[in-house]
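Trainee: I would like the atomic coordinates for the input below:
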Amino acid sequence: MGLDVTAYETLTPMPSAPKEGSWEEDRAVHVSNHDYPGRELPLKEGWYLPCGDKFGFRAGSYGGYNAWRNSLAVMAGYGSDKAAWEKDPSEGPFIELINFSDCEGFLGPDVCKKLHADFLEWDSRAREGLDEWEYRLYTKWTMAASLGSAGGGIDFH
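Mentor: Numbers count the residues shown, from 1 in each chain. Just a heads-up that it's a prediction; the model follows:
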């Protein structure tokens with residue numbers, strides 16, 4: 001078990017949930033963030049069909065992903081992921097990713113734009129401060145945030 005991530009370039013709203021057995025059922029994305037409201041903006045809760053490019057990757061086992069997220073928090077100056085969780089989730093680099101679910105949820109285009117800017121700004125520090133595996137994962141998150149910025153988002157599943 002672990003965290004899989006898929007970034008979508010654009011998403012088109014569906015009028016209702018996909019019908020069981022339909023071609024849409026396997027492709028549809030459900031946007032919902034009950035525990036982290038607002039992270040999906042400007043999208044609204046509901047069902048969407050992906051359009052354009054998509055990029056998926058395994059972010060690691062839950063333990064591996066949490067270790068990576070802690071390394072990101074340390075690099076960004078929070079001290080640890082736990083210390084970042086105590087901050088206002090609207091402030092600071094990567095906070096929307098660090099202070100977010102490690103198993104499911106959705107980051108919309110607004111958050112993706114902010115995260116992409118963070119990933120670009122912190123890239124040289126990440127290259128120097130993270131180990132090889134951590135930096136490879138950092139580059140995947142950079143790509144995902146870039147793609148999701150176009151009007152789609154990042155789905156945690």
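
Trainee: residues in contact with residue 45?
Mentor: 31, 32, 33 (Cβ atoms under 8 Å, 6 or more residues apart in numbering). Where you see a C-beta, it was placed from the backbone N, CA and C, and this is true even at glycine.

Trainee: again, only this time at 6 Å
Mentor: 31, 32 (Cβ atoms under 6 Å, 6 or more residues apart in numbering).

Trainee: pLDDT score for it?
Mentor: On the pLDDT scale, residue 45 is placed at 95.

Trainee: what's the helix or strand for the residue of the chain positioned farthest from its centre?
Mentor: Distance from the centre of the chain peaks at residue 21, with 28.3 Å (Cα atoms, centre = their mean). For residue 21, there is no helix or strand it lies in under DSSP states H and E.

Trainee: which residues in this structure form helices?
Mentor: Secondary structure of the chain by DSSP state H: the helices cover 62-75, 81-85, 95-98, 109-121, 123-129, 132-148.

Trainee: which residues sit against the first one?
Mentor: Yep, that's helix 62-75 we're talking about. Counting by Cβ under 6 Å, 6+ apart, 2, 3, 59, 80, 81, 84, 94, 98, 102, 129, 134, 137 sit against helix 62-75.

Trainee: residue 155: which of the helices of the chain is closest?
Mentor: helix 132-148 (9.0 Å; Cβ to Cβ).

Trainee: which strands and helices sit next to the closest one?
Mentor: When contacts are defined as 3 or more Cβ pairs under 6 Å, 6 or more residues apart in numbering; DSSP states H and E, helix 132-148 packs onto strand 2-13, strand 46-61, helix 62-75, helix 109-121, helix 123-129.

Trainee: tilt between that helix and helix 109-121?
Mentor: 140 degrees (axes from the mean of the first three to the mean of the last three Cα atoms, to 10 degrees).

Trainee: buried stuff in helix 132-148?
Mentor: For helix 132-148, a neighbour-count test (16 or more other Cβ atoms under 10 Å) marks 134, 135, 137, 138, 140, 141, 142, 144, 145, 146, 147, 148 as buried.

Trainee: which of those lies closest to residue 12?
Mentor: Checking the buried residues of helix 132-148 against residue 12 by Cβ to Cβ gives residue 148 as the nearest, at 14.8 Å.

Trainee: now for the residue lying closest to the closest one once chain neighbours are set aside: which residues touch it?
Mentor: Nearest residue to residue 148, sequence neighbours excluded (Cβ to Cβ, 6 or more residues apart in numbering): residue 112, at 3.5 Å. Residues in contact with residue 112 (Cβ under 6 Å, 6+ apart) are 145, 148, 149.
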